[in-house]
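> sequence and predicted structure, then a few things I'm wondering about:
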Amino acid sequence: MSWKLLGNFDESLMGHDMHFYSQRETFLDCRSRMIKISKDSFWGYNNTILTMSHDISKGNFGTMTEKRLWVDEFAWISSNCTIYNSWIKSNAVISCGSVLSSVIVPNLVIVAGNPAKIVSRYVNGKWLKVDEELKRWL
């Protein structure tokens, strides 16, 4: 994969400069203005970030609609992830290869898979495997 940019890059929204994302070969969709990425977030390689979608509510597939992407401080996006219309809260970890679509990832959890599910949470200084009750949050 190589570095790709759609739309206009605005460092005040993106948290990091363009060089940061290009080094990591990120596919970055900046067409939406509903982006807020913390400068204190951590990123792996080959991630895909999508912020626009087709509005199919009226049967017209050509109409585009903006979607949000929020990544809070100390969130860690591992490599080869696809993220669309999601909010990743502080200290959350997105495992390699995860796919997030229209979710809010709580703080202090690890998510993995396609679709991403909560697999661990940080409690009293250690990571614990989650029970089925916590998985319903995502």
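Structure received.
> quick one, longest strand in the chain?
For the chain, the strand with the greatest residue count under DSSP state E is strand 117-123.
> sheet partners, orientation included, of the next helix or strand after it?
Per DSSP states H and E, strand 117-123 leads on to strand 126-129 as the next helix or strand towards the C-terminus. Strand 126-129 has the following strand partners under DSSP bridges: strand 117-123 (antiparallel).
> can you show me the CA trace of the strand it pairs with as CSV?
Taking Å, rounded to 0.1, in the frame of the first residue of the first chain, the C-alpha atoms of strand 117-123 are listed here in CSV:
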residue,chain,number,x,y,z
LYS,A,117,-15.3,-6.5,19.2
ILE,A,118,-14.0,-5.8,22.7
VAL,A,119,-11.6,-8.6,23.7
SER,A,120,-9.9,-7.1,26.8
ARG,A,121,-10.2,-4.2,29.3
TYR,A,122,-7.8,-2.6,31.6
VAL,A,123,-8.7,-3.0,35.3
